Structure formats: C-alpha cells, structure tokens
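> got a sequence here, can you model it:
(4 chains)
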Protein chains: 2
Amino acid sequence: MGDTDLIEAFGACAAVTDMLSRVGDKWSMQVVMKLGEQPRRFNELRRAVDGISQRMLTRTLRNLERDGLISRTVTPTVPPRVDYALTGMGHSLAEPVRRLSHWVLENRMEIEAARAEYDRQDAD
Amino acid sequence: MGDTDLIEAFGACAAVTDMLSRVGDKWSMQVVMKLGEQPRRFNELRRAVDGISQRMLTRTLRNLERDGLISRTVTPTVPPRVDYALTGMGHSLAEPVRRLSHWVLENRMEIEAARAEYDRQDAD
DNA sequence: CAGAATCCAAGAGGATACTG
DNA sequence: CAGTATCCTCTTGGATTCTG
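Model (predicted):
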C-alpha cells in the first residue's frame, strides 16, 4: 500500500466518521425523514418534527443544505415563503438510514434487555 | 390509531434516535468495525483505533457492552487480561453500518463539492 | 495491563427576545 | 413567516495522574 492509498484510506475514514456524526446528531435524520415524505416550509417542518427548537431547526437545515442533502427555495413575498426539499443525494441517503432504523426496531427489545441486565449487575 | 400505537410509535422513534446517537458518536463505530475483524484486548484496541484516548475507549466499550453489542471477558491473572469481542447483535449491526459507510464513500466527492460551493456563496 | 479519578475546554442545544 | 442574536446549561471528549 503506497502513501497515496494511505492518504485515501485516511480521508475516507474521516469522511465516514464525519457523516456518521451528522447522521447521529439529534435532529438531522428526523428532518431528512420528514422531508422524505414531502417538501415542507419552515414552520410546517417545525410542527412536524416534535420538540425541535427554532434555533436547532435553522441550524440543522443549514448543515443539511451545506452538505447538498436538501434544497432551500426562497419566494420573496411578504411574508416570505421558504420551501425545503430533499435533493437526489438526500433521497439516496434516506435509504441506508432506513435500513439502520429497521435494524434498531428489530433489535430494540434485545438492547433494552441488555441494558436492564447490565444495570442490574451494576447495582450489586 | 389508539393510544397504545401512539406510545409504541413514540417509543420506536425515540429508540431509533437513541441508537443513531450511539452510531454517530465519535468512536463507537470505529471500535465496532475493529472488533468486527477480530476480538481484541484493551491496549490492542487502543492501538488499532487511531487517536482514541484511554478514557474514551473505556467509556465507549462500557456503552457498547451495556447495549449488548460487545462482550467483555476478564481473565484474572497478573497482569489482568481483558478480551473484547462483538456479540451476535454487534455483528448484525455492523452490516447496516457498512451500508451507510458505503453510501458515504460513494457520495463524499459530491458532498465536498456541495460544501465548497456553499462556502463560496457564503463568502460573497 | 486495564483501568478509575479529576480537571478542563469546546460544542450542542434550549429559552427568550427581537426583526425584515 | 422565517429567521437572527444572546444567554445559559449540560454533555463530549482530551490530558493528566494514580492504582490493583
């Protein structure tokens, strides 16, 4: 393995870790999933994603837009109208995320059982 | 949709978000991937996962163990020997995570391009 | 060898108030 | 409506020191 390959591998690993942290942040995937159903406006999205603060919705949308996962369309009327939608890449990300979510749903009972057992042992 | 279904749906969504945050934390998936290759001892793992601190390796391993994703086997010799390995559930998680990683590798150029474009626009 | 304990810096994220 | 700005708290994670 040459230096170029090493650099490639390192960059790739960093890229994976980087994107996993986006997938793992508190709101990004919930927003992506909601936009996967249909495009939505800002406050529409805010009501759809339960519990998200306005500040975090703004920040989450900016990050997703920066990564090219969603598009932001401004209609300069009064009051302003802003529509958000998944891009092609955003849609393609939703697929592996759905698989992961599916894994969680299939295994959540076992996970909860493992936690309960661990905490029980810990209590001794 | 009855109350039970609502609670179910809410619990499921919370479980997904919860596990995504584990997948998205800085070290968990790197540790899982290394243990996917072969079981390892503590310091072996520490050398294998580049850049991880001893504190974070300990915490990461505890979390993964608590979730039932890895097993921890202590051999009470002097000095002590502790072996970590993926459980069956740990191995099954590695699969959807690999798919997600694959997606990242396929799309990382486009993501980087989107970021560069976004930052360029932002500079104006 | 495999950690536990402590301290510290940076960032995530919520609440509130204000704006074009 | 769709944000921005500010303040504050809690969590994440690194560095360092100590132990059975």
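
> in chain A, which helix or strand is least confident?
helix A:3-24 (a mean of 77; mean pLDDT, DSSP states H and E).

> what's the next secondary structure element after that one?
Downstream of helix A:3-24, the first helix or strand assigned by DSSP states H and E is helix A:28-37.

> skipping adjacent residues, who's closest to the residue of chain A found nearest chain B in space?
Closest residue of chain A to chain B, CB to the nearest CB: residue A:24 (1.0 Å). Where C-beta positions appear, they are placed from N, C-alpha and C, glycine not excepted. Spatial nearest neighbour of residue A:24, excluding adjacent residues (CB to CB, 6 or more residues apart in numbering or on different chains): residue B:24 at 1.0 Å.

> just residue A:52 next, same as before
By the measure of CB to CB, 6+ apart, the closest residue to residue A:52 outside its immediate chain neighbours is residue A:27, 5.5 Å from it.

> what's the neighbour count on the one you found?
A count of nearby residues for residue A:27, using other CB atoms under 10 Å in any protein chain shown, gives 19.

> same thing with residue A:104?
Counted by other CB under 10 Å, the residues lying close to residue A:104 total 22.

> quick one, what contacts it?
A:111, B:15, B:16, B:19, B:20 (CB atoms under 8 Å, 6 or more residues apart in numbering or on different chains).

> the residue nearest to residue A:66 when sequence neighbours are not counted: neighbour count?
Once flanking residues are discounted, residue A:66 sits nearest to residue B:118: 4.3 Å by CB to CB, 6+ apart. As a burial measure, residue B:118 scores 16 neighbours (other CB under 10 Å).

> what sits against the spatially most central residue of chain A?
What sits nearest the mean C-alpha location of chain A, by CA atoms, centre = their mean, is residue A:29, with 2.4 Å. By CB under 8 Å, 6+ apart, the residues touching residue A:29 are A:23, A:97, B:17, B:20.

> so which of those is the closest to residue A:62?
Comparing those against residue A:62 with CB to CB places residue A:23 closest, at 16.5 Å.

> and for the closest one, nearest residue in space, chain neighbours not counted?
Spatially, and ignoring its direct neighbours in sequence, residue A:23 is nearest to residue B:24 (5.4 Å; CB to CB, 6+ apart).
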